[in-house]
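> Sequence plus the predicted model coming up.
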Amino acid sequence: EDQVTQSPEALRLQEGESSSLNCSYTVSGLRGLFWYRQDPGKGPEFLFTLYSAGEEKEKERLKATLTKKESFLHITAPKPEDSATYLCAVRFSGGYNKLIFGAGTRLAVHP
Amino acid sequence: GAVVSQHPSRVICKSGTSVKIECRSLDFQATTMFWYRQFPKQSLMLMATSNEGSKATYEQGVEKDKFLINHASLTLSTLTVTSAHPEDSSFYICSARTSGGADTGELFFGEGSRLTVL
């Protein structure tokens, strides 16, 4: 069964304390792994798409990496404004552009 | 990134009434749009895939007669919750794909619509 699992469920960091969020997936024929940021009461905001193992993308304090089984979202020296829920989603062959979402990681960065 | 707009952002209605939510792609044409539902502290669950000019494809367990989807143009899809009941209260989010070949293109989301049924 196609599945996306994110860990941890919640993460509390001090400002400047780097960490990583995990997204593991089991799908047949990955056609893209997406990271989104979601603030309370808002729609998801697109961050990255990764297509193949070994691919990396960076944006400000965020860096996303991909292997054949999982993706990591590395947050370097986070700031309080990075506090949000980070969602991982995958698109798979035969899925007709549907995304399967993980449950998300709720990140709280404290000053 | 591409802009997807949803309206209304919040709606409160009485039980038994119908509510329409609009999803517009503002700066691109979207042949396919997706409707999601999200409960508090839970992830997004796909409800249906909306295809311009044809019938929507519903996910298993989603009542197509209750959640009516119309994709009238390349920039507009609507979700109508018919005869709404309190259990339909939720956060509804649409997304649209930018152009590209099969299995490509980025998916951008609207701001979401909070429905509360009294």
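Arrived safely, thanks for sending.
> Would you map the strands across chain B?
B:4-7, B:10-13, B:19-25, B:32-38, B:44-51, B:57-58, B:67-73, B:76-81, B:90-97, B:107-109, B:113-117 (DSSP state E).
> tell me the centre residue of chain B?
B:Trp35 (3.3 Å; CA atoms, centre = their mean).
> Mind pulling up the pLDDT for it?
Per-residue pLDDT puts B:Trp35 at 96.
> repeat for the one 3 residues further on
B:Gln38 carries a pLDDT score of 93 in this model.
> any idea how far it lies from chain A?
9 Å (CB to the nearest CB, to the nearest Å). C-beta here means a position set from N, CA and C on the backbone, and glycine is covered the same way.
> ok, that residue - contacts?
Residues near B:Gln38 by CB atoms under 8 Å, 6 or more residues apart in numbering or on different chains: B:44-45, B:90-93, B:112.
> and if you look at A:Leu66?
In this structure, A:Leu66 makes contact with A:33, A:50-56, judged by CB under 8 Å, 6+ apart.
> which residues in chain A form helices?
With helices called from DSSP state H, chain A shows none.
> remind me which residues of it are low pLDDT?
Residue ranges of chain A with pLDDT under 70: A:95-96.
> Close to chain B: what parts of it are there?
Within reach of chain B by CB under 8 Å from any CB of the partner chain, chain A has these residues: A:31-32, A:34, A:36, A:41-46, A:49, A:87, A:89, A:91, A:93, A:96-104, A:106.
> Mind doing that once more with 6 Å?
By CB under 6 Å from any CB of the partner chain, the part of chain A that sits against chain B consists of A:31, A:42-44, A:46, A:97-98, A:101, A:103-104.
> Among those, which are located in strands?
Per DSSP E, the subset of those in strands is A:31, A:46, A:101.
> Surely the last one and A:Ala89 touch.
Yes: under the criterion of CB atoms under 6 Å, A:Phe101 is in contact with A:Ala89, at a separation of 4.5 Å.
> Which one of the two is surrounded by more residues?
Neighbour count, other CB atoms under 10 Å in any protein chain shown: between A:Phe101 and A:Ala89, A:Ala89 has more, with 24 against 21.
> Look up how far A:Gly54 lies from A:Thr67.
A:Thr67 sits 8 Å away from A:Gly54, going by CB to CB, to the nearest Å.
> ignore the last one, B:Gly16
55 Å.
> What parts of chain B come near chain A?
Chain B has residues B:1, B:43-44, B:46, B:93, B:97, B:103, B:108-112 near chain A, with proximity defined as CB under 6 Å from any CB.
> Buried subset of those residues, written for ChimeraX?
Command for ChimeraX that selects the buried part of the residues of chain B next to chain A, burial taken from 16 or more other CB atoms under 10 Å in any protein chain shown:
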select /B:43,44,46,93,97,103,108,109,110,111,112
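> In JSON lines: the residues of chain B next to chain A, plus distance to B:Thr75 and pLDDT.
JSON lines is the format used below for the residues of chain B next to chain A (distance: CB to CB, whole Å; pLDDT from 0 to 100):
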{"residue": "B:Gly1", "distance to B:Thr75": "16", "pLDDT": "64"}
{"residue": "B:Ser43", "distance to B:Thr75": "27", "pLDDT": "86"}
{"residue": "B:Leu44", "distance to B:Thr75": "22", "pLDDT": "91"}
{"residue": "B:Leu46", "distance to B:Thr75": "21", "pLDDT": "92"}
{"residue": "B:Ile93", "distance to B:Thr75": "17", "pLDDT": "96"}
{"residue": "B:Arg97", "distance to B:Thr75": "13", "pLDDT": "79"}
{"residue": "B:Asp103", "distance to B:Thr75": "22", "pLDDT": "50"}
{"residue": "B:Phe108", "distance to B:Thr75": "13", "pLDDT": "86"}
{"residue": "B:Phe109", "distance to B:Thr75": "15", "pLDDT": "91"}
{"residue": "B:Gly110", "distance to B:Thr75": "12", "pLDDT": "93"}
{"residue": "B:Glu111", "distance to B:Thr75": "16", "pLDDT": "94"}
{"residue": "B:Gly112", "distance to B:Thr75": "18", "pLDDT": "95"}
